[in-house]
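Engineer: give me a 3D structure for the following:
(chains A and B)
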There are 2 protein chains.
Amino acid sequence: MAKTVRPRKPKSLEGLDPGPAIILVHPQLGENIGAAARAMLNCGLGELRLVRPKNGWPSEYAIKAATGAVSVIEAAAVFETTAEATADLGIVYAATARRRDMTKTVLTPRAAAASIRQQVVAENRIGILFGPERTGLHNDDISFAEAIIEAPLNPAFASLNLGQAVLLVAYEWLLSGVGEAAIAIETPLPNTRRANRAEMAGLFDHLESELDDCGFLLPVEKRPSMVRSLRNLFQRAGLTEQEVRTLRGVIAGLTAWHKGTKRER
Amino acid sequence: MAKTVRPRKPKSLEGLDPGPAIILVHPQLGENIGAAARAMLNCGLGELRLVRPKNGWPSEYAIKAATGAVSVIEAAAVFETTAEATADLGIVYAATARRRDMTKTVLTPRAAAASIRQQVVAENRIGILFGPERTGLHNDDISFAEAIIEAPLNPAFASLNLGQAVLLVAYEWLLSGVGEAAIAIETPLPNTRRANRAEMAGLFDHLESELDDCGFLLPVEKRPSMVRSLRNLFQRAGLTEQEVRTLRGVIAGLTAWHKGTKRER
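Structural biologist: Now for the predicted structure:
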């Protein structure tokens, strides 16, 4: 059994749910290990396990590529075999392009994430295997897994690099833990206050009276629908009170020539 | 106006819906442009636009990093300004970390994808802006966009590299076009604790040594595939630790005659 440092939890994971371990089997390039670590931390995962990295360990390339996620690299545990790397795990998934000759459940990353969530709640320890860059996971490693995770990509070009594959799986893990609201919708923006109805009405009055003056809203039978269109347009913009003031300044500026209120510079 | 080759559709996109254009504004590293192209093709997107790449164009690094997605690189259109790159588009999104000082709708990649699907159906032409690696999109570029796309990542470490950012957005685009069935899937969940890897390995060792003894695993050249099939079979069952103990009892029982350990009743 190789060096099996128990991973300590990187500080930047505080407050996040414990997630599955990411297990890279015989990864080749340090850059890819670094990219995987970064993707993990982006998505709130901190436990990286390596099975005999091909170019040795520790890896300067991995540290460089991890940029802000060096903590994940430093906490990585290294094992000699996949069996050792998964010994303490209750459930193991294999992320790989599907092997047609295997009778295994195949899950998308999204379905796998939902399933992992439930199993984590039941206090199962979970790991996800990723294979070497060129060859992918060996059938012997896949046979350790209960299910295969395969992203439903463009069938004509489905090959992901290692960092990208880890990102997709980790991202779905992260999203599986947030409510529908956080996934599905716009966030209302704090900081500035939306214009209230009275301020909007003030803007419309100002604009429409100027447009009446210059004849833009003629003929009169078309006025109601023209006014409605303009109001809809500004309403849709979700203006702040500052923006309403700005727009009223614009209207005043544009009409200054005609009104003789133009300021000399 | 710079070179504006009209992108031709790469062959490996045949049969896929036309999707949004990916617009990289002042990308710095060819590697990242290549990674973005690869992520695009993985997810069925083919239209790449570049606004003044910092290290010139064409880029050997981009071609190398694109590996199987060179067709996307070759079809990329290059523009001098974001205004020119978006001139023919009806709807533009800005992928960026949120600017607190801007009053724009913020969508997750998933919400944006759903929205883009609808708009594509209405024959709108859509583009998604991504900023330079170090600084992200400039406020002037963001002001071109109707909405911001921001992935809901680990708040303590939300910085994605360019290729990863394009992947998440493109992946959600792809998934938004496939049915629920392709995204979500089955998984039977047992209630008791799953056997861990060590317990499963104990079961396999026990079974396989008995099968070796009785000659079941002959001829020797077939042994690896027979062992794999057996392991897959038990693995697929999602055994609990109790079931593993039961199975080991079964093996012991079945071999008791031959071993002379059979208990009299």
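Engineer: quick one: neighbours of the spatially closest residue to A:Gln119 that is not a sequence neighbour, just the number.
Structural biologist: Nearest-residue entry for A:Gln119: A:Ile91, 5.6 Å, with adjacent residues in sequence omitted and distances by C-beta to C-beta, 6 or more residues apart in numbering or on different chains. Glycine gets a C-beta too; all of them are placed from N, C-alpha and C. For A:Ile91, the number of neighbouring residues by other C-beta atoms under 10 Å in any protein chain shown comes to 25.
Engineer: try A:Pro155
Structural biologist: Counted by other C-beta under 10 Å, the residues lying close to A:Pro155 total 10.
Engineer: per-residue confidence at the residue nearest to A:Gln119?
Structural biologist: Per-residue confidence (pLDDT) for A:Ile91: 86.
Engineer: let me see the confidence value for the closest residue to A:Cys43 other than its chain neighbours.
Structural biologist: The spatial neighbour of A:Cys43 that comes closest, neighbours along the chain excluded (C-beta to C-beta, 6+ apart), is A:Ala170 at 3.6 Å. Among the per-residue scores, A:Ala170 shows a pLDDT of 97.
Engineer: A:Ala170 against A:Gly46, yeah?
Structural biologist: No. Taking contact to mean C-beta atoms under 8 Å, the distance of 10.7 Å between A:Ala170 and A:Gly46 leaves them out of contact.
Engineer: gap between the two ends of stretch A:22-41?
Structural biologist: With C-alpha to C-alpha, to the nearest Å as the measure, stretch A:22-41 spans 11 Å from end to end.
Engineer: ok, now which ones touch the residue nearest to A:Cys43?
Structural biologist: With contact set as C-beta atoms under 8 Å, 6 or more residues apart in numbering or on different chains, A:Ala170 has these partners: A:19, A:22, A:39-40, A:42-45.
Engineer: which ones among these map onto helices?
Structural biologist: Secondary structure of these is defined by DSSP state H; positions in helices are A:39-40, A:42.
Engineer: name the nearest of those residues relative to B:Ala195.
Structural biologist: Taking C-beta to C-beta as the measure, A:Met40 is the one of the ones in helices among the contacts of A:Ala170 closest to B:Ala195, at 26.6 Å.
Engineer: what sits against the closest one?
Structural biologist: Neighbour list for A:Met40: A:22, A:46, A:48, A:69, A:72, A:166, A:170 [criterion: C-beta under 8 Å, 6+ apart].
Engineer: same check, this time on A:Val227
Structural biologist: For A:Val227, the set of contacting residues under the criterion of C-beta under 8 Å, 6+ apart consists of A:204, A:208, A:217.
Engineer: if we can go back for a sec, could I get the contacts of A:Ala170 as CSV with pLDDT?
Structural biologist: Putting the contacts of A:Ala170 into CSV (pLDDT from 0 to 100) gives the following:
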residue, pLDDT
A:Gly19, 91
A:Ile22, 98
A:Ala39, 96
A:Met40, 97
A:Asn42, 94
A:Cys43, 95
A:Gly44, 93
A:Leu45, 95
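Engineer: identify, from those, the entry nearest to A:Lys64.
Structural biologist: A:Ala39 (15.4 Å).
Engineer: my read: that closest one touches A:Gly163, true?
Structural biologist: Yes. With contact defined as C-beta under 8 Å, A:Ala39 reaches A:Gly163; the gap is 5.7 Å.
Engineer: so for those two, which residues contact both of them?
Structural biologist: Looking at what touches both A:Ala39 and A:Gly163 (by C-beta under 8 Å, 6+ apart), the common residues are B:Gln164.
Engineer: comparing these two, which residue is more hemmed in?
Structural biologist: Here A:Ala39 and A:Gly163 are compared on neighbour count by other C-beta under 10 Å; more neighbours surround A:Ala39, at 30 against 26.
Engineer: any idea how far that one lies from A:Arg228?
Structural biologist: To A:Arg228, A:Ala39 is 49 Å away according to C-beta to C-beta, to the nearest Å.
Engineer: now swap in A:Leu48 and tell me
Structural biologist: Distance, A:Leu48 to A:Arg228, by C-beta to C-beta: 58 Å.
Engineer: got it, and A:Asn32?
Structural biologist: From A:Asn32 across to A:Arg228, the span is 57 Å (C-beta to C-beta).
Engineer: got a list of contacts for stretch A:81-93?
Structural biologist: Stretch A:81-93 is contacted by residues A:1-2, A:4, A:20-21, A:23, A:25, A:49-52, A:77, A:79, A:107, A:112, A:116, A:119, A:124-129, A:140-141, A:144-149, B:193-198, B:201, B:238 when judged by C-beta under 8 Å, 6+ apart.
Engineer: A:Thr261: neighbour count?
Structural biologist: One way to gauge burial is a neighbour count; for A:Thr261, by other C-beta under 10 Å, it gives 10.
Engineer: could you report the pLDDT at it?
Structural biologist: For A:Thr261, the pLDDT comes out at 70.
Engineer: got any ranges where chain A has weak pLDDT?
Structural biologist: Regions of chain A meeting the criterion pLDDT under 70 cover residues A:1-11, A:15, A:98-103, A:180-194, A:236, A:257, A:262-265.
Engineer: domain map for it?
Structural biologist: Per automatic domain parsing, the domain ranges recorded for chain A read A:11-176, A:197-264.
Engineer: so which of the ones you listed is the most packed in?
Structural biologist: Mean neighbours per residue, mean count of other C-beta atoms under 10 Å in any protein chain shown, is largest over those for domain A:11-176, with a mean of 21.
Engineer: how far is that domain from where the chain is centred?
Structural biologist: Using C-alpha atoms, centre = their mean, to the nearest Å, the mean C-alpha position of domain A:11-176 is found 17 Å from that of the whole chain.
Engineer: quick check: bridge partners of A:Ile23?
Structural biologist: Applying DSSP bridges to A:Ile23 yields these beta-bridge partners: A:Arg49, A:Leu129.
Engineer: wait, it sits on A:Val51?
Structural biologist: Yes. In this structure A:Ile23 lies within contact range of A:Val51 using C-beta under 8 Å: 6.7 Å.
Engineer: now whatever residue of the stretch 151-265 of chain A ends up closest to chain B: how far from B:Leu13?
Structural biologist: Across the stretch 151-265 of chain A, the shortest distance to chain B (C-beta to the nearest C-beta) belongs to A:Ala156, at 3.7 Å. The gap separating A:Ala156 from B:Leu13 is 7 Å, by C-beta to C-beta.
Engineer: next: A:Gly44.
Structural biologist: On the measure of C-beta to C-beta, A:Gly44 and B:Leu13 end up 33 Å apart.
Engineer: just A:Ala97 next, same as before
Structural biologist: Distance check for A:Ala97 against B:Leu13: by C-beta to C-beta, it reads 19 Å.
Engineer: by contact count, what packs against the top helix by length along chain A?
Structural biologist: Counting residues, the longest helix in chain A under DSSP H turns out to be helix A:197-213. Packing partners of helix A:197-213 (3 or more C-beta pairs under 8 Å, 6 or more residues apart in numbering or on different chains; DSSP states H and E): helix A:223-236, helix A:241-254.
Engineer: centre of the chain to that helix, how far?
Structural biologist: Average the C-alpha atoms of helix A:197-213, do the same for its chain, and the two points are 42 Å apart (C-alpha atoms, centre = their mean).
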